[in-house]
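# Sequence plus predicted model, see below.
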Amino acid sequence: MDGPLSKLLNMPLVLIYETSSMLCTQMMVKATMQIYEKAILDFLPTPSKSHYVFNLRDFARVMRGVLLVPADRVTEPDKLIRLWIHEVYRVFNDRLTEDQDRFDRSLCS
């Protein structure tokens with residue numbers, strides 16, 4: 001995803017966070033799209049998991065969660081990445097009900 005859609009999705013992040021975080025924001029957009037694509041392929045809804053329905057709103061929820069934090073609270077790329085990880089867990093991982101479906105918690109530490 002390196003085309004116009006990536007640039008469009010990255011624009012709000014670049015406008016809010018300083019230029020030292022630009023590479024970080026580009027990677028966040030790409031990684032969020034990869035997670036979203038993997039979720040819709042791997043976690044198909046079944047009668048027992050009818051809530052495993054993912055759409056572009058989930059992608060937007062991750063980005064919105066990152067954008068809701070004021071830029072002066074996220075001054076380092078490290079904090080921005082931790083915030084993004086938290087939002088990915090909040091949007092995608094919290095919906096998964098079985099332990100084998102959940103993300104590895106060691107990613108956050």
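Received it, and whenever you're ready, just let me know what you need.
# alpha carbons only for contacts and neighbour counts from here, please
Noted.
# just checking, next helix/strand downstream of the worst-scoring helix or strand of the chain on mean pLDDT?
Ranked by mean pLDDT, DSSP states H and E, the weakest helix or strand in the chain is helix 4-16, scoring a mean of 57. Helices and strands here follow DSSP states H and E; after helix 4-16, the next one along the chain is helix 22-42.
# Just after that following helix, pick out the following helix or strand.
helix 56-67.
# Residue 28: what's it in contact with?
81, 84 (Cα atoms under 8 Å, 6 or more residues apart in numbering).
# Quickly note the distance from it to residue 59.
Note on residue 28: its distance to residue 59, by Cα to Cα, to the nearest Å, is 11 Å.
# what is in contact with the two at once?
Joint contacts of residue 28 and residue 59 (Cα under 8 Å, 6+ apart) do not exist.
# could you dump stretch 79-89 to CSV, C-alpha only?
Output of stretch 79-89 as CSV, limited to C-alpha atoms (Å, rounded to 0.1, in the frame of the first residue of the first chain):
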residue,chain,number,x,y,z
LYS,A,79,5.5,6.9,22.7
LEU,A,80,3.7,7.1,19.4
ILE,A,81,4.4,3.5,18.6
ARG,A,82,3.2,2.4,22.1
LEU,A,83,0.0,4.4,21.6
TRP,A,84,-0.5,2.7,18.2
ILE,A,85,0.1,-0.7,19.7
HIS,A,86,-2.5,0.0,22.4
GLU,A,87,-5.0,1.1,19.8
VAL,A,88,-4.5,-2.0,17.7
TYR,A,89,-5.0,-4.2,20.7
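# quick one: contacts of that stretch?
By Cα under 8 Å, 6+ apart, stretch 79-89 touches 24, 28, 32, 61, 62, 65, 66, 74, 103, 108.
# again, 10 Å this time
With Cα atoms under 10 Å, 6 or more residues apart in numbering as the contact definition, stretch 79-89 has outside contacts at 17, 21, 24-25, 27-29, 31-32, 35-36, 58-59, 61-67, 69, 71, 73-74, 77-78, 90, 93-96, 102-103, 105, 107-109.
# Pull out the buried residues from it.
Using 16 or more other Cα atoms under 10 Å as the test for burial, stretch 79-89 gives 80, 81, 82, 83, 84, 85, 86, 87, 88, 89.
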